[in-house]
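*Asks:* kindly generate the corresponding structure for this input.
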Amino acid sequence: MKDRTVGFVGGGRITAILLEGLGGTGLDLDRVTVSDTSAEVLAKRKERFAGITTTSDNTAPASCERVFLALHPPAAKAALPELSGALRPDAVVVSLAPVLTFEKLRALLGGFDRLARVIPNAPSVVGAGFNPVAFGPGLPAEPRTELETLLDGLGAHPLVPEETLEAYAILAAMGPTYFWFQWQALRELAGSFGLGADEADTALRAMLEGATRTFFDSGRPYEEVTDLVPVKPLAEAEPPIRQAYEEKLGGLYRKLSGA
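*Replies:* Numbering: from 1, shown residues only. As a prediction, the model looks like this:
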């Protein structure tokens, strides 16, 4: 993959995460083209990844051998028909968006069917992502293997049925946002209690790692796990938080999946 030309249509957060995570995999940035309609976004990417080529022309990455579609679904729907006529016959298009199924992608690309879909995950920025992947039926074995090798640099990338990708988008892709603000609140409180930043982070990291292992690996049912700590200062806040999960995330899943 390091010898391939790689294009990113859209230069936003996801492209930055992938370029950061792939930095140690041998990907040659001199062979990477990033397009975006925002000059500010392109300037930021060029500043961080000096070797890449940047352009405001969203059809430019279509000439690359591997093309990552890093746009939100509405923008992708507008961009894909323009890409279709410029794609190389041997290219592979990797969509990083939910909603757009292989069927929809093929239609928007005028029948082009060398396709893959990946649900990207922010922890890929440190090589610890969870990036479920599905391959379109028209994608041969060799580029499938090549793409999997590339994704190794980002973390886990299980092969999953296409119809599960939207569920993974809710669970894994957006999942960190459900917790990060809580961890930061604990960090700040720890400082107000007199702990130094390093002391607070050491304790917080150890607690999170231990709690995760207890939840998944102790063999105890959920009720028993939660009973291990007798004092629950936020117990009264749990019902509205659960309701928010069900309403917000349930509604979002139905929107993404068309359910």
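
*Asks:* how about the lengthiest helix in the chain as PDB, C-alpha atoms only?
*Replies:* Assignment by DSSP state H gives helix 197-217 as the longest helix of the chain. What follows is helix 197-217, C-alpha atoms only, in PDB (Å, rounded to 0.1, in the frame of the first residue of the first chain):
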ATOM      1  CA  ALA A 197      -2.400  16.600  37.100                       C
ATOM      2  CA  ASP A 198      -0.100  13.500  36.800                       C
ATOM      3  CA  GLU A 199      -1.500  12.000  40.000                       C
ATOM      4  CA  ALA A 200      -5.100  12.500  38.800                       C
ATOM      5  CA  ASP A 201      -4.400  11.100  35.300                       C
ATOM      6  CA  THR A 202      -2.600   8.000  36.800                       C
ATOM      7  CA  ALA A 203      -5.500   7.200  39.000                       C
ATOM      8  CA  LEU A 204      -8.100   7.900  36.300                       C
ATOM      9  CA  ARG A 205      -6.300   5.700  33.800                       C
ATOM     10  CA  ALA A 206      -5.900   2.900  36.300                       C
ATOM     11  CA  MET A 207      -9.600   3.100  37.300                       C
ATOM     12  CA  LEU A 208     -10.800   3.100  33.700                       C
ATOM     13  CA  GLU A 209      -8.700   0.100  32.800                       C
ATOM     14  CA  GLY A 210      -9.600  -1.800  35.900                       C
ATOM     15  CA  ALA A 211     -13.300  -1.000  35.600                       C
ATOM     16  CA  THR A 212     -13.300  -2.100  31.900                       C
ATOM     17  CA  ARG A 213     -11.700  -5.500  32.900                       C
ATOM     18  CA  THR A 214     -14.100  -5.900  35.700                       C
ATOM     19  CA  PHE A 215     -17.100  -5.200  33.500                       C
ATOM     20  CA  PHE A 216     -16.000  -7.500  30.600                       C
ATOM     21  CA  ASP A 217     -13.700 -10.100  32.200                       C
END
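
*Asks:* which strands or helices does that helix pack on?
*Replies:* Helix 197-217 is packed against helix 180-192, with contacts defined by 3 or more C-beta pairs under 8 Å, 6 or more residues apart in numbering; DSSP states H and E. In short, each C-beta sits where N, CA and C put it, glycine included.

*Asks:* quick check: mean pLDDT across the longest helix of the chain?
*Replies:* On average, the pLDDT along helix 197-217 is 98.

*Asks:* ok, stretch 77-94 next?
*Replies:* Taken as a whole, stretch 77-94 has an average pLDDT of 93.

*Asks:* what does the helix or strand that the longest helix of the chain is followed by contact?
*Replies:* Using DSSP states H and E, the helix or strand that follows helix 197-217 towards the C-terminus is helix 222-226. Applying C-beta atoms under 8 Å, 6 or more residues apart in numbering, the contact partners of helix 222-226 are 214-215, 218, 232.

*Asks:* the residues you listed: which two are farthest apart?
*Replies:* Greatest spatial distance among the contacts of helix 222-226 (C-beta to C-beta): S218 and K232, at 18.2 Å.

*Asks:* now the strands: where do they sit in the protein?
*Replies:* 6-9, 32-35, 53-55, 66-69, 92-95, 115-118, 129-130, 133-135, 155-156 (DSSP state E).

*Asks:* so which of the ones you listed gets nearest S192?
*Replies:* strand 129-130 (32.6 Å).

*Asks:* tell me what the closest one is packed against?
*Replies:* Applying 3+ C-beta pairs under 8 Å, 6+ apart, we find strand 129-130 packed against strand 155-156.

*Asks:* can you tell me which helices and strands the strand it packs on packs against?
*Replies:* strand 129-130.

*Asks:* next one: the strand it packs on to chain centre, how far?
*Replies:* 7 Å (C-alpha atoms, centre = their mean, to the nearest Å).

*Asks:* gap between stretch 167-186 and the chain center?
*Replies:* 12 Å.

*Asks:* make CSV out of the strands of the chain and add mean neighbour count and distance to P81.
*Replies:* CSV is the format used below for these (neighbours: other C-beta atoms under 10 Å; distance: least, C-beta to C-beta, whole Å):
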stretch, mean neighbour count, distance to P81
strand 6-9, 28, 13
strand 32-35, 24, 15
strand 53-55, 17, 19
strand 66-69, 26, 13
strand 92-95, 26, 13
strand 115-118, 24, 15
strand 129-130, 22, 30
strand 133-135, 21, 22
strand 155-156, 16, 33
